[in-house]
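> no sequence on hand, only this structure:
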C-alpha cells in the first residue's frame, strides 16, 4: 500500500504511466462524445413540453456534473498533497482548476441559453444556475490565490487549503441556495428535474456524461505531464528523456 | 431519427439558435482546451530540448 | 489557556488604542446605507421591503473591509512569527484573535444596525432579530474571513483577492441572516433561522481555527 502510494507519487513513474493511459482516454472521449452527440442531437425524441430545446441537456448536465466533480477532485488532490507531500497531486490540482472553471462556464452558458425558450429570459436566479455561478467564483478564487504567490510551494499549499475549505462549503452553499430559491420561487419548473425520462432520452445523456469524464481525465493526464516537465526540468531523468534520440525521432514521426 | 430532413434537423423545430449556440460554445471550448493542452506540451518540449542540448554542449566536463 | 487569554487581552488593548480602526467599519456601514435611498428611492414603502437585504449586505462588506487588517500589523512587526513559535496551539491563539475582531467589529455593527434600520423604515418588531442575526452571523463571517485574511496576509496586494476568496463562502450566512429578519417582518417563526445561523457558527468554530492556523503557517513559513 505504502509502496504503491509512493510509486504513484513519483513524477517519473506518473510520467511513464500516463503516457500509456492517455491515448485510451482520448480515444474513449472522442468515441463517446461523437456517438452521444449524434444520438442526442438527431435520434433522441423531442421533449413533449420543451420540444427540441431540451437537447441542450446533453451538454448542460455533463458540464455541470463535471464542474462539481472537478472541484472535489481538486480538494482530494490538495489533501493528498498536504498530508503525504505528493507533488504530482498538486500538479494535477493545478491543471484541473482552469478546466473546471471552463466547465462551470459551459454549464452556466448552456443554462442561460436554455432559459430563453424555457423561461423567456436569459438569466433567472434559478437555484442550480446560482450555485453554478458561486462555484465559478470559487474556481476563480483558487486560481487567483495560487498565482498570487511568488513561491510556488506556498501557492500550492494555500490553494490546497482554500480548495478544502471550499469543498466543505459547497454542500452548505448548495443547500442554502436551494432553500432561498424555494422561498422566492418564481419559475414554474426547473430545467433538468423531470419525473421520468424515456430510455431513448437518458441513454445518450449517460454516454455524454462518460465522454465528458473521459475527456477530463485525458486532458488532466496530458497537462499534468507538461506540468511535471516544467517543474522537474532540472532533474536527471527529465534531462535524459529530453536528450534521448529514440524519443525525439518517435515524436517527430508522430508529427 | 427524430427529424425528417437535414434542414429540419438544422432548424431544431424553431429552437435552432438556442440548441446550436449552447452546443457550439461547448464544442468550441472543449476543442480549445484540448488544443491548448497540446500546444503547451509541444512548446514546452521544444524549449526544454533546446535548453538540454545547449547545456550538454557546454558542460563537457560534467 | 493563559496564553489564549494573554493574546485576547493584548489584541483588545492594542485595538482599543487605535479607535479609528474600530470606527471605520461602522462609518462605512452607515455611509453605504445612506447611499441606497439616494440611489434607489426615498420611498419608505420601497425601502422597508429591501431594508433587511441592504442592511445585511452593507454589514457584510463593512466586516470584510476590516478583515484585511486582522493579521496585517502582527505580520508586519513580526509578532505573528512569535505566535507561531509559541508552545501553544496556534488554532486556539488565532481563535482568540478572531474573537477580538468580532468583539470590536461584528458586535458594534450588530448594535448600530437597528439605528440604520429606523432610517430605512424597517418594520417594527424585527429590530431585535436584526441585531441578533447580525451578531450571530458576523461571528461566522469573522471566522470564515480570518481564513482568507490568513491566506493573503503575506501578499502585497491581498485586499481585493481577500474579498474574492471570502465573499462566496459567506453566502449561506447572508441567506439565513436576511431570512431571519424577513421572517420576523412577516411574523413567521425566526427560531429556525437563528438556529441555522447558530449551527453555521458552531461548524465554523470547529473547523475554521484549524484552517486559519494552517494558512498562517503557509503565509509565514513560505
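Alright, I've got the coordinates. It should be emphasised that the depicted structure is a prediction, and the values quoted were computed from it without experimental measurement.
> low-confidence bits of chain C, can you list those?
Within chain C, the stretches with pLDDT under 70 are C:222.
> tally of neighbours for residue A:167?
19 (other C-beta atoms under 10 Å in any protein chain shown). C-beta coordinates here come from the backbone N, C-alpha and C atoms, glycine included.
> now do the helix or strand hosting residue B:43: which elements does it pack against?
Residue B:43 is located in helix B:16-58, with elements delineated by DSSP states H and E. Contacts defined by 3 or more C-beta pairs under 8 Å, 6 or more residues apart in numbering or on different chains; DSSP states H and E place helix B:16-58 against helix A:57-84, helix A:87-119, helix A:199-231, helix A:236-243.
> any idea which of those helices gets closest to residue B:35?
helix A:199-231 (10.5 Å; C-beta to C-beta).
> relative to residue A:217, how far out is the most centrally placed residue in chain B?
The residue lying closest to the centre of chain B (C-alpha atoms, centre = their mean) is residue B:35, at 2.5 Å. For residue B:35, the distance to residue A:217 equals 18 Å [C-beta to C-beta, to the nearest Å].
> can you check residue A:241 too?
23 Å.
> residue C:143 touches residue C:98, doesn't it?
Yes. Here residue C:143 reaches residue C:98: they are 5.7 Å apart, a contact under C-beta atoms under 8 Å.
> low-scoring stretches of chain B, by residue?
Looking at chain B by pLDDT under 70, you get B:56-62.
> change it to 80
B:1-2, B:55-62 (pLDDT under 80).
> what comes into contact with stretch B:22-29?
With contacts defined as C-beta atoms under 8 Å, 6 or more residues apart in numbering or on different chains, stretch B:22-29 is touched by A:37, A:41, A:55-56, A:59-60, A:63, A:102, A:105-106, A:109-110, A:113-114.
> quick one: name the residues of the stretch 101-250 of chain A near chain C.
A:134, A:137-138, A:140-141, A:144-145, A:148-149, A:151, A:153-154, A:157-158, A:161-162, A:164-166, A:168-169, A:172-173, A:175-177, A:179-180, A:183 (C-beta under 8 Å from any C-beta of the partner chain).
> go through these and flag which are in helices.
A:134, A:137-138, A:140-141, A:144-145, A:148, A:153-154, A:157-158, A:161-162, A:164-166, A:168-169, A:172-173, A:175-177, A:179-180, A:183 (DSSP state H).
> what mean pLDDT does stretch A:122-137 have?
In this model, stretch A:122-137 carries a mean pLDDT of 89.
> list the buried residues of that stretch.
A:124, A:126-137 (16 or more other C-beta atoms under 10 Å in any protein chain shown).
> go through those and name the one nearest residue A:92.
residue A:135 (19.2 Å).
> excluding its backbone neighbours, what's nearest the closest one?
Sequence neighbours aside, residue A:104 is the residue nearest to residue A:135 in space, at 5.3 Å (criterion: C-beta to C-beta, 6 or more residues apart in numbering or on different chains).
> okay, now the one you found: neighbour count?
Residue A:104: 26 neighbours (other C-beta under 10 Å).
> could you list every residue that touches it?
So residue A:104 contacts A:63, A:67, A:132, A:135-136, A:139 (C-beta under 8 Å, 6+ apart).
> and it, how far is that from residue C:189?
36 Å.
> distance of residue C:50 from chain B?
The gap separating residue C:50 from chain B is 33 Å, by C-beta to the nearest C-beta, to the nearest Å.
> what strand or helix carries that residue?
helix C:44-67.
> do that helix and chain A come into contact?
No. Helix C:44-67 does not reach chain A (C-beta under 8 Å from any C-beta); its nearest approach is 11.3 Å.
> before we move on, back to that, out of the contacts of stretch B:22-29, flag the one nearest to chain C.
Comparing those against chain C with C-beta to the nearest C-beta places residue A:105 closest, at 15.6 Å.
> spatially nearest residue to that closest one (excluding sequence neighbours)?
Nearest to residue A:105 is residue A:136, by C-beta to C-beta, 6+ apart, at 6.5 Å.
> residues contacting that neighbour?
A:101, A:104-105, A:108.
> between the residues you listed, which has the most around it?
Going by other C-beta under 10 Å, residue A:104 tops the contacts of residue A:136 with 26 neighbours.
> and for residue C:111, the neighbour number?
13.
> not counting its own residues, what contacts the strand or helix carrying it?
Assigned by DSSP H and E, residue C:111 falls within helix C:107-119. Here helix C:107-119 makes contact (C-beta under 8 Å, 6+ apart) with C:22, C:25-26, C:29-30, C:33-34, C:37, C:51, C:55, C:58-59, C:62-63, C:122, C:126-128, C:130-132, C:134-135, C:138.
> mark which of those residues are buried, thanks.
For the contacts of helix C:107-119, buried by 16+ other C-beta under 10 Å: C:25-26, C:29-30, C:33, C:37, C:51, C:55, C:58-59, C:62-63, C:122, C:126-127, C:130-132, C:134-135, C:138.
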